[in-house]
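A.B. asks: give the three-dimensional model of this entry:
(chains A and B)
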Amino acid sequence: MSETASRTSPKGDEAIDRHLAREYEAGWVTDIESDTLPPGLDEDVVRFISAKKNEPEWMTEWRLEAYRHWLTMDHPNWAHVHYPKIDFNSISYFSAPRSQADGPKSLDEVDPELLRTYEKLGIPLHEQQMLAGVAVDAVFDSVSVATTFKSKLAEAGVIFCSISEALQEHPELVRQYIGSVVPYRDNYFAALNSAVFSDGSFVYIPKGVRCPMELSTYFRINAQNTGQFERTIIIAEEGSHVSYLEGCTAPQRDENQLHAAVVELVAHKDAKIKYSTVQNWYPGDSEGKGGIYNFVTKRGLCAGERSHISWTQVETGSAITWKYPSVILRGDDSVGEFYSVALARGRQQADTGTKMIHLGKNTKSTIISKGISAVKAENSYRGLVRIAPTADGARNFTQCDSLLIGDQCGAHTFPYIESRNPNATVEHEATTSKVSDDQLFLCRQRGLDPEKAVSMIVNGFCKEVFRELPMEFAVEAGKLLEISLEGAVG
Amino acid sequence: MLKIRNLHVAAEGEAILKGLDLEVAAGEVHAIMGPNGSGKSTLAAVMAGREGYEITEGSIEFLGEDLAGLEPEERAWRGLFLAFQYPVEIPGVTNLEFLRASVDAHRAYRGEEATSAVDFMKLARATSKQLRFDTDFLKRGVNEGFSGGEKKRNELLQMLLLQPKLALLDETDSGLDIDALQIVADGVNTLRSPERAIVMITHYQRLLDHIVPDKVHVLSGGRIVRSGGKELALELERKGYGWLEEAAA
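C.D. replies: Numbers count the residues shown, from 1 in each chain, chains lettered A, B, ... in the order given. Down below sits the predicted model:
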């Protein structure tokens, strides 16, 4: 997944490489160095990627079908974001972890602004180096934590591994579910991802199992450098529960400017999936240079009765965010939720929202979206609520609030509602407000400096979303907003 | 403690205060009264450092320091507190976190450690009780959905927790029923001490029945036109402001 963070080292010396290869038998960790493809995309590239990962033939064929379909599609231009045309032939679609020669040699070569942020977040030096892309030794602490973590999950029968690993160990499961929620025909970036996806997470929760811990990409040490085109699949069998955390509050650098990930969730009867994201990719320098373009397709299918899928996201990074985590409510009485905070500052552009597709009877969805724009940023909410003729008694509640800081930023709301069932209830509330001078003055009179005051006001604005996050994530998210807003007032 | 000399203040190009002089010593309680539009609230705003007011002449000295060069929060850290006439809402920020951030900001300025969550909770609960707030009050958003009286009592709560050296009360009595007025007055009176000063800005005499001032000043046309003891307030109550405005003109 493009926002995935791993705090382990992307690249270590030989001893560590051997260690990793032995632990996880991922296979490609050690020998990948010489296998970076030159830029460009054609069928041979797709075949090469699939072969490199030793994939079954059906997988190769599926990738090729996706590629051929992608060739027939046009780059979408409906979103409220602006960027130069992407040259897909200038991208390398299979690259080894960055070699020592490409990355910064030391922290001295890294954007000082980025380093200042790391310090504020209290990130240890070796992790700073890792996040900034400086080649360092692996962090053995994380490795041992991850090992303990894996054995506990295995006891419960939970599968949590990279998708490459899943294709080797559980090919029948991957075959059953890949593309079942997001078909490669779905959209331009989903098609591209389907053709060239590099890696991602695979999660399978057996029937009746409540996953014993929150699954975090933090512990998925194979996640390193899979960045650009990730594919994640989470399956919750009947009556199971899982909470999945993705991302990291520390701003991450990546040489890959374009990220196009796909996430597919399937919740069977009485199952619940909670998916939380904190996304903080490098937004670029003050002019927006070097920032990540993040084009993500995330969708969940509430397949069974009373199934429940909840998306919670805090989006603060990337130069451009294009992302609409959605839920298809097929099972009767199923529930879809979307809680989002999207902060855009500087020259960032965010176009994000959700789609709730009601098919089953008495399905229920809730959308709480909080958009914050500061300085010269553009922030758009785009939401679709569709009630099918079959969805008797369906209900949706949407609340969409925008907060402006300063007078050169923009907030836009594009709500689409299509109700084809007279027994459905759809409610939409929207507000736009500014951090007022009166609020700021009250805070300052009580001794808070302007930045602390703004961050407190903004955190209050986001409260309904933050309380949906797991505790430690919520605390970090609050701190992240505070840091992100520095310099936004004054 | 407070020395205001020949203060001239303009807002949006219009002169509002025109040569105001005022001296308040530690331990004193002053009342500033005057008709609507006389500049009472401007005086409070300019002392607290609100944007949009320009000091065109004169100075405000607080504890020996000219306030003109200080940001609003720097004035607060030095012990200047303004109880607002119209407290604003800050949705989603709980009273408890707001109060704690505020108290900790003052402690940080004094070089003291931040409060512990438990200690602060105890203190905040006890002080809320003194102002007859329900226990769930601390969990509510700052002034969010509060009645007029609750907002004023909430200002008092902030004041009692911060223990300022100089408390400015801007029309704190407006919008209070008689019971709420008594609660607020009792709260202010607990703050009276030889180290502190209180300046009450009010339109009506009734607050002064509950918080008896040492000195009363009448502000009219942007200047103090008369000063006296607490009996001056009673005289104003009988005669209104007209006779003073005529005298000043």
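A.B. asks: any stretches of chain B with poor pLDDT?
C.D. replies: Scanning chain B for pLDDT under 70 picks out the ranges B:245-249.
A.B. asks: what residues does it put near chain A?
C.D. replies: By the rule C-beta under 8 Å from any C-beta of the partner chain, the part of chain B lying against chain A is B:48-51, B:71-73, B:75-77, B:81-82, B:84, B:87-88, B:90-93, B:97-98, B:101-102, B:105-106, B:109, B:141-142, B:158, B:162. To be clear about C-beta, it is placed using only N, CA and C from the backbone, and glycine gets the same treatment.
A.B. asks: run the chain-centre distance for stretch A:294-304.
C.D. replies: With C-alpha atoms, centre = their mean, to the nearest Å as the basis, stretch A:294-304 stands 11 Å off its chain's centre.
A.B. asks: ditto for stretch A:385-400
C.D. replies: Between the centre of stretch A:385-400 and the centre of its chain there are 25 Å (C-alpha atoms, centre = their mean).
A.B. asks: following the worst-scoring helix or strand of chain A on mean pLDDT, which helix or strand shows up next?
C.D. replies: Least confident helix or strand, chain A: helix A:28-31 with a mean of 30, by mean pLDDT, DSSP states H and E. Per DSSP states H and E, helix A:28-31 leads on to helix A:43-52 as the next helix or strand towards the C-terminus.
A.B. asks: next helix or strand past that next one?
C.D. replies: Once the chain leaves helix A:43-52, the next helix or strand it forms, by DSSP H and E, is helix A:57-71.
A.B. asks: quick check, pLDDT for A:Thr413.
C.D. replies: A:Thr413 carries a pLDDT score of 87 in this model.
A.B. asks: now for A:Lys434: which residues touch it?
C.D. replies: Residues in contact with A:Lys434 (C-beta atoms under 8 Å, 6 or more residues apart in numbering or on different chains) are A:403-405.
A.B. asks: let's see 10 Å
C.D. replies: By C-beta atoms under 10 Å, 6 or more residues apart in numbering or on different chains, the contact set of A:Lys434 is A:402-407.
A.B. asks: ok, so of these, who is nearest chain B?
C.D. replies: Nearest to chain B out of the contacts of A:Lys434 is A:Leu403 (C-beta to the nearest C-beta; 10.3 Å).
A.B. asks: quick check: the closest one touching A:Ile457?
C.D. replies: Yes - between A:Leu403 and A:Ile457 there is a contact at 8.2 Å, judged by C-beta atoms under 10 Å.
A.B. asks: where in the stretch 101-250 of chain A is pLDDT low?
C.D. replies: A:101-107, A:109-148, A:217-227, A:248-250.
A.B. asks: try 50 this time
C.D. replies: Residues of the stretch 101-250 of chain A meeting the criterion pLDDT under 50: A:101, A:135-145, A:219-226.
A.B. asks: show me where it has its helices.
C.D. replies: In the stretch 101-250 of chain A, helices defined by DSSP state H, counting those that start in this stretch lie at A:112-121, A:125-131, A:140-156, A:163-169, A:171-177, A:188-196, listed in chain order.
A.B. asks: closest residue of chain B to chain A?
C.D. replies: At 3.1 Å from chain A, B:Gly92 is the closest residue in chain B, using C-beta to the nearest C-beta.
A.B. asks: so what are the sheet partners of the host helix or strand of that residue and their directions?
C.D. replies: If you go by DSSP H and E, B:Gly92 is part of strand B:90-94. With DSSP bridges as the test, strand B:90-94 is paired with strand B:141-142 (antiparallel).
A.B. asks: what about A:Ser198, distance to A:Phe189?
C.D. replies: 14 Å (C-beta to C-beta, to the nearest Å).
A.B. asks: about what we covered before: which neighbours do A:Leu403 and A:Ile457 have in common?
C.D. replies: Residues touching both A:Leu403 and A:Ile457 (C-beta under 10 Å, 6+ apart) are A:433, A:435.
A.B. asks: about what we covered before: tell me the helix or strand right after the strand holding B:Gly92.
C.D. replies: Using DSSP H and E, the helix or strand that follows strand B:90-94 in sequence is helix B:95-109.
A.B. asks: can you name the element that comes right after that next one?
C.D. replies: Remark: after helix B:95-109, the chain's next helix or strand is helix B:117-130, criterion DSSP H and E.
A.B. asks: so how far is that next one off the chain centroid?
C.D. replies: Its chain's C-alpha centre and that of helix B:117-130 lie 22 Å apart, by C-alpha atoms, centre = their mean.
A.B. asks: for it, packing partners?
C.D. replies: Where contact means 3 or more C-beta pairs under 10 Å, 6 or more residues apart in numbering or on different chains; DSSP states H and E, helix B:117-130 is packed against helix B:95-109, helix B:148-162, helix B:178-191.
A.B. asks: and the angle from it to helix B:148-162?
C.D. replies: Here helix B:117-130 runs at an angle of 130 degrees relative to helix B:148-162 (axes from the mean of the first three to the mean of the last three C-alpha atoms, to 10 degrees).
A.B. asks: in helix B:117-130, what's buried?
C.D. replies: For helix B:117-130, burial by neighbour count (16 or more other C-beta atoms under 10 Å in any protein chain shown) applies to B:120, B:123-124, B:127-128.
A.B. asks: count the residues that sit near B:Val212.
C.D. replies: Neighbour count of B:Val212, defined by other C-beta atoms under 10 Å in any protein chain shown: 13.
A.B. asks: assign it to helix, strand or coil.
C.D. replies: Secondary structure, DSSP: H, G, I helix; E, B strand; the rest coil: B:Val212 is coil.
A.B. asks: so who does it touch?
C.D. replies: Counting by C-beta under 10 Å, 6+ apart, B:Val212 touches B:29, B:31, B:185, B:189, B:192, B:230, B:233.
A.B. asks: for B:Trp77, same thing?
C.D. replies: Shown in contact with B:Trp77 (C-beta under 10 Å, 6+ apart): A:447, A:449, B:70-71, B:105-110.
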